[in-house]
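Novice: Any chance you can model this:
(one chain, ligands or ions: 1)
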Amino acid sequence: MALQDEITRRRTFAVIAHPDAGKTTLTEKLLLFGGAIHVAGAVKSNKIKKGATSDFMEIERQRGISVATAVMGFEYAGCKINILDTPGHEDFAEDTYRTLTAVDSVIIVIDGAKGVEAQTRKLMDVCRMRKTPVIVFINKLDRPSKEPFDLLDEVERELHIRVRPLAFPISNGPTFKGVYNLYEKNLSLFTSDEKLTADASTVEISDLDAPELAQHIGGQFAEQLRQDVELVEGVYDEFDRDAYLQGELAPVFFGSAVNNFGVRELLECFVRIAPSPRPAPTETRTVEPQEGKMSGFVFKIHANMDPNHRDRIAFLKICSGTFERNRNYLHVRSGKQMKFSSPTAFMAEKKSVIDFAYPGDIVGLHDTGNFKIGDTFTEGEALKFTGIPSFAPEQFRYIENADPLKFKQLAKGIDQLMDEGVAQLFTSALNGRKIIGTVGALQFEVIQYRLEHEYNASCRWEPISIHKACWIESDNAAQLADFKKRKHTNMAVDKHGRDVFLADTSYALALAQENFKDIRFYFASEF
Ligand code: G4P
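Specialist: Numbering: from 1, shown residues only. Reported below is the predicted structural model:
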């Protein structure tokens, strides 16, 4: 198949949601439709159960699952679909943000009873920033839910995006009857014994005034549906695919993932309207997927679960050209040529060695500790893809070696965990002590546990009071030197030797910004 055909048939996306809205369940049903799995329950939830912050086995279990489900590929209606998994726990939100740099669109799942929740809002902010096309799936309609028009208004208002329903529910909770597909003009009826299969009974109803409608859903609901559909057609413009592709308009579907209801409608529409791989910006130019030469970037690194094999998997998103096994590629950061004898692709939960991969695909590369998030591979051009965010850490602790004999192991462990993007390391200018900054408190436990189990090193945490870390830069060398001298006790360097100001309080930060006008303060760095 020609490169262009391979590109056109690819859909790479992520399902994102506030925890518990039904992301795992929906993902599983999509895989079921794609024939990638055959029974429900095959995809394990990768969320850390509530109250599990000190349950280390749970952390390990979660990591195991997140390797297995990092990418799930399947074929549907001639399309090659790649679903990228994102962690459920908000302490790992930055991992989710980075994954969003590797997708071409997203499906946001919302609980119909709860509506838009905190995490939904944050994730949507990232999508909006990147202009990622978004489809909304409102889930759990088999439970008493908010009114559909209220939900549509809420999504529009809270997520700051125009909406257009492409399916409309007929009642909800115990009287949930089904979903009318506005896109295809047919009706899917809800029978709740469809949990484990991919079949839903679909009735073609092209004319909502036809008497059959009442036979299927009863007179009262038939009348309600007619009114609702009339209102939808009256209030909302025709679905505008270009606006969707620009990230300005979100088509909305309703259903019940656990009952496998409304999922087919979603998937069929998704393969038709969702974008194939999009051009990717770099520091020097925009890379088009159909360019002949291969390029791609690492958006995720995962350590091997087996402590006897300290190797890692780097996840490479292909942005252009054809990736080939055993072919030399330039690792742009080091300037070295590298080739991979066993690159892997992911189909559902199976990994297999592949010979070729195309734009939109995710390839697992064996890494012995050389790669970092954001690394680029090309056929020679020194490209650097942009927009792969680092996060501004919000929690800080000193890390101390708890076993003097294991100093080397500790240093290596910290180094590799930082490359994986688990946290960030700063070295204090005042006393040379090492400070770890994370987004969530859970990462401190994860780091301690992993240092012990994977690197045979032990660490101790000590409190430090820091409000925020920000990277500083200035063209005014004198002012920068003055700032660093005055703020000596609050200065540090990051892993790459860049200057970082560790502000004690928001007031101290505001004051510093006020008094040092020539200094630029950055709250996120790029790797
Ligand atoms: P998440 O990945 O977004 O965190 O959510 P997940 O799919 O794990 O779903 C969270 C809970 O919501 C699960 O129940 C799941 O069964 C349930 N659920 C998902 N879709 C629907 C739906 O359409 N209707 C209803 N009524 N429930 C739904 P749980 O009790 O936490 O787990 P489990 O014991 O059922 O696995």
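Novice: quick one: least confident helix or strand in the protein?
Specialist: Every helix and strand of the chain was ranked by mean pLDDT, DSSP states H and E. The lowest is helix 56-68, at a mean of 59.
Novice: what separates N401 from L502, distance-wise?
Specialist: 21 Å (CB to CB, to the nearest Å). In this view, the C-beta of every residue, glycine as well, is placed from N, C-alpha and C.
Novice: Which one's more surrounded, these two?
Specialist: Using other CB atoms under 10 Å, the more surrounded residue of N401 and L502 is L502, with 26 against 17.
Novice: Torsion angles phi and psi at the most far-flung residue of the chain relative to its centre?
Specialist: No residue in the chain sits farther from the centre than P211, which is 45.5 Å out by CA atoms, centre = their mean. Reported as degrees, to the nearest 10, the phi and psi values for P211 are phi -60, psi -20.
Novice: ditto for R162
Specialist: Torsion angles at R162 (phi, psi; degrees, to the nearest 10) stand at phi -70, psi 150.
Novice: Next up, the contacts around the residue nearest to it when sequence neighbours are not counted.
Specialist: Once flanking residues are discounted, R162 sits nearest to L249: 4.6 Å by CB to CB, 6 or more residues apart in numbering. For L249, the contact set (CB atoms under 8 Å, 6 or more residues apart in numbering) comprises 161-164, 239-240, 243.
Novice: Under the pLDDT cut-off, which ranges of the stretch 201-350 of the chain? List them.
Specialist: Applying pLDDT under 70 to the stretch 201-350 of the chain flags the ranges 201-202, 304-310, 347-350.
Novice: which residues of it fall in helices?
Specialist: For the stretch 201-350 of the chain, the helices defined by DSSP state H, counting those that start in this stretch cover 212-217, 219-235, 241-245, 263-273.
Novice: Buried ones in the third one, by neighbour count?
Specialist: Neighbour counts over helix 241-245 (16 or more other CB atoms under 10 Å) mark 243-245 as buried.
Novice: which secondary structure elements does that helix contact?
Specialist: Helices and strands touching helix 241-245, by 3 or more CB pairs under 8 Å, 6 or more residues apart in numbering; DSSP states H and E, are strand 249-254.
Novice: Within its sheet, name the partner strands of the strand it packs on and how each one runs.
Specialist: Paired with strand 249-254 in the same sheet, following DSSP bridges, are strand 134-139 (parallel), strand 162-165 (parallel).
Novice: Next, the angle helix 263-273 makes with it.
Specialist: Going by axes from the mean of the first three to the mean of the last three CA atoms, to 10 degrees, strand 249-254 is angled at 160 degrees with respect to helix 263-273.
Novice: Please renumber the chain so that the first residue is 29 from this point on.
Specialist: Okay, residue one is now 29; in that scheme the one you just asked about reads as strand 277-282.
Novice: picking up where we left off before, ok, which pair from the contacts of L277 is furthest apart?
Specialist: The distance between the two most remote of those (CB to CB) is 13.9 Å, for I189 and F267.
Novice: neighbour-wise, which of these two wins?
Specialist: Neighbours were counted for I189 and for F267 using other CB under 10 Å; I189 has more, 20 against 16.
Novice: quick one: that one and E276 touch, right?
Specialist: Yes - with contact defined as CB atoms under 8 Å, I189 counts as touching E276 (7.0 Å).
Novice: Buried ones in stretch 394-411, by neighbour count?
Specialist: For stretch 394-411, by 16+ other CB under 10 Å, it's 395, 399-406, 411.
Novice: Can you pull the residues of the stretch 279-428 of the chain lying near the ligand?
Specialist: Residues of the stretch 279-428 of the chain lying close to the ligand by CB under 6 Å from any ligand atom are 284-287.
Novice: now, the most widely separated pair of those?
Specialist: Maximum pairwise distance among those (CB to CB): 7.4 Å, between A285 and N287.
Novice: Compare those two and say which one has the larger neighbour count.
Specialist: Using other CB under 10 Å as the criterion, A285 and N287 rank with A285 on top: 26 against 21.
Novice: Pull the contacting residues for the more buried one.
Specialist: With CB under 8 Å, 6+ apart, A285 has these contacts: 50, 53-54, 57, 137, 165, 167-168, 291.
Novice: so who does the nearest residue to M519 once chain neighbours are set aside touch?
Specialist: Spatial nearest neighbour of M519, excluding adjacent residues (CB to CB, 6+ apart): A457 at 4.0 Å. Residues in contact with A457 (CB under 8 Å, 6+ apart) are 512, 516, 519-521.
Novice: sec struct for the closest residue to D123 other than its chain neighbours, please.
Specialist: Spatial nearest neighbour of D123, chain neighbours left out: P115 (5.3 Å); criterion: CB to CB, 6+ apart. Under DSSP: H, G, I helix; E, B strand; the rest coil, P115 falls in the coil class.
Novice: what's the burial count for P115?
Specialist: Using other CB under 10 Å, P115 has 20 neighbouring residues.
Novice: Then the one 10 residues further on?
Specialist: One way to gauge burial is a neighbour count; for Y125, by other CB under 10 Å, it gives 22.
Novice: I'd assumed V154 was in contact with it.
Specialist: Yes - with contact defined as CB under 8 Å, Y125 reaches V154; the gap is 5.4 Å.
Novice: list residues touching both of the two?
Specialist: With the criterion set as CB under 8 Å, 6+ apart, the contacts of Y125 and V154 do not overlap.
Novice: how about the residues of the stretch 79-228 of the chain near the ligand?
Specialist: Near the ligand, when you scan the stretch 79-228 of the chain using CB under 6 Å from any ligand atom, you find 116, 167-168, 170-171.
Novice: Which pLDDT does the model give the residue in the stretch 379-528 of the chain that the ligand sits nearest to?
Specialist: Nearest residue of the stretch 379-528 of the chain to the ligand: L470, at 15.9 Å (CB to the nearest ligand atom). For L470, the model assigns a pLDDT of 81.
Novice: Show the contacting residues for the residue lying closest to I329 once chain neighbours are set aside.
Specialist: Using CB to CB, 6+ apart and skipping the chain neighbours, the partner closest in space to I329 is E448 (4.6 Å). By CB under 8 Å, 6+ apart, the contact list for E448 reads 329-331, 340, 401.
Novice: Equivalent analysis for A45, please.
Specialist: Contacts of A45 (CB under 8 Å, 6+ apart): 51, 136-138, 147-148, 151.
Novice: Could you name the helices and strands sitting against the helix or strand hosting Q476?
Specialist: Assessed by DSSP states H and E, Q476 sits inside helix 470-483. In terms of contacts (3+ CB pairs under 8 Å, 6+ apart), helix 470-483 is packed against helix 84-96, strand 423-429, helix 435-447, strand 462-466, strand 487-491.
Novice: Quick one: mean pLDDT for the fourth one?
Specialist: Taken as a whole, strand 462-466 carries a mean pLDDT of 93.
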